[in-house]
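Visitor: Sequence and predicted structure are below.
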Amino acid sequence: MTGRRVEFFRDELGAPDGRPSSESYASIASLLVSDVGNSTRWCLDLLSMLEDVRTGTSDEDEWLGNSCAGVITKNGFELTDLYDDEWTFRYGLDDAHDVTVDYLDFLARDTVRSEVDQWEATKGRRHPCRGHL
């Protein structure tokens with residue numbers, strides 16, 4: 001591990017997987033590899049939600065994936081498992097942002113600029129993280 005909170009890699013079948021540096025990052029790693037998966041667009045969507053709340057452009061946003069739901073507020077990113085009512089974890093916005101940027105880098109290391117361009121063309125607005133991706 002090179003100082004990252006989660007080391008992302010592809011498993012023997014080519015699917016995204018993650019090795020968290022500590023158990024505290026297992027939930028966000030699971031969200032990214034299972035709900036975002038190989039979708040750079042979904043990763044950019046999540047990143048824009050986190051950044052909009054982090055910078056105060058938006059007060060709150062929500063993520064709904066196939067296994068996790070998340071609420072993003074100025075107090076953090078709270079993840080809840082859709083199939084286990086007792087499984088909830090909260091991340092600070094900076095941590096959630098940084099891990100999501102790392103995942104985007106994993107997914108689109110060589111194509112991130114063109115992926116952001118496509119996202120912006122589809123959404124009709126500048127991606128809030130464009131300047132630091």
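Guide: Thanks, I have the structure now. Being a predicted model, the structure only gives us computed values, none of them experimental.
Visitor: Next one: the residue nearest the centre of the chain relative to Leu31, how far apart?
Guide: In the chain, the centroid-proximal residue (Cα atoms, centre = their mean) is Thr100; its distance is 3.6 Å. Separation of Thr100 from Leu31 (Cβ to Cβ, to the nearest Å) stands at 9 Å. (C-beta placed from N, C-alpha, C; glycine too.)
Visitor: now swap in Phe106 and tell me
Guide: For Phe106 relative to Leu31 (Cβ to Cβ), the value is 14 Å.
Visitor: thinking again about what came up before, looking at this, the residue nearest to the centre of the chain is in a helix?
Guide: Yes: looking at Thr100 with DSSP: H, G, I helix; E, B strand; the rest coil, it is inside a helix.
Visitor: just the helices in this structure please.
Guide: Taking DSSP state H as the test, the helices found in the chain are 26-30, 40-54, 93-108, 112-123.
Visitor: Looking at the ones you listed, which is nearest to Trp87?
Guide: In terms of Cβ to Cβ, the element of the helices of the chain nearest to Trp87 is helix 26-30, at 7.8 Å.
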